[in-house]
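S.K.: Sharing a model prediction with you, sequence too.
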Amino acid sequence: DSGVTQTPKHLITATGQRVTLRCSPRSGDLSVYWYQQSLDQGLQFLIQYYNGEERAKGNILERFSAQQFPDLHSELNLSSLELGDSALYFCASSELAGDYNEQFFGPGTRLTVL
Amino acid sequence: AQKITQTQPGMFVQEKEAVTLDCTYDTSDQSYGLFWYKQPSSGEMIFLIYQGSYDEQNATEGRYSLNFQKARKSANLVISASQLGDSAMYFCAMREVYNQGGKLIFGQGTELSVKP
């Protein structure tokens, strides 16, 4: 158990819908990262927050947005969902932003868009 | 651009034997970190081992060791005495320490199957 929690574990929804994925980092970790794992794109970095502020942005679509709250939990919002958004979404956390510490991954949320 | 290449889509190894999973990387930065993660069929990402670009000695963690050859830009994972539970996907990843907040860039992965 990495100490990072993600809810829900599975999510099935329809095209055009909007969903929210939630992540709670390990206790004491200030930095949260979101990654998407799909068969065709592999594991891709989406976005990073550090202590409530956006720190880095990757291949995140404009239909996707994220935020980190004062209690450091983070949410990833996916809207106008398309079939291609079906993927495993990981949240990871680390103590600091750009250091050598490893990132601890949550169990992931498997999103299926029908 | 930073890139991680894992050229072995699948590997087989006999139980109790050692296996090497290849990883090469490309970066123009001097300071970076290299990681290996294991992803079993259940889907979670498990951190295995880390190597910093300035570390002079190869990292080891139990049965895992990282064969770091900086000049060749390779960071191969060696698993000694393979066990059936080692069957999983293995991902090599890189983080550039001073750039863009520490995101990880992953390779495509190698699927390891351990035969009894």
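M.R.: Arrived safely.
S.K.: drop to CA atoms for contacts and neighbour counts, all remaining ones
M.R.: OK.
S.K.: Secondary structure element for the residue most central in space within chain A, which one?
M.R.: Closest residue to the average C-alpha location of chain A: A:W34 at 3.2 Å, with CA atoms, centre = their mean. Taking DSSP states H and E as the criterion, A:W34 maps to strand A:31-38.
S.K.: Remind me what that strand packs against, helices and strands.
M.R.: Counting by 3 or more CA pairs under 8 Å, 6 or more residues apart in numbering or on different chains; DSSP states H and E, the packing neighbours recorded for strand A:31-38 are strand A:42-50, strand A:87-94.
S.K.: what is the rounded mean pLDDT of the last one?
M.R.: If you average the pLDDT over strand A:87-94, you get 95.
S.K.: for stretch B:74-83, same thing?
M.R.: Stretch B:74-83 comes out at a mean pLDDT of 97.
S.K.: How about it, which residues are buried there?
M.R.: B:S74, B:A75, B:N76, B:L77, B:V78, B:I79, B:S80, B:S82, B:Q83 (16 or more other CA atoms under 10 Å in any protein chain shown).
S.K.: Pass me the low-pLDDT residue ranges in the chain, would you?
M.R.: No chain was given, so I picked chain A. Along chain A, segments meeting pLDDT under 70 span A:96-101.
S.K.: Chain B was what I was after
M.R.: B:97-101.
S.K.: Please name the residues that touch the residue lying closest to A:S27 once chain neighbours are set aside.
M.R.: Of all residues not flanking A:S27 in the chain, A:G3 sits nearest, at 7.5 Å (CA to CA, 6 or more residues apart in numbering or on different chains). By CA atoms under 8 Å, 6 or more residues apart in numbering or on different chains, the residues touching A:G3 are A:P25, A:R26, A:S27, A:F104, A:G106.
S.K.: These in strands, which ones?
M.R.: Applying DSSP state E to the contacts of A:G3, the entries found in strands are A:F104.
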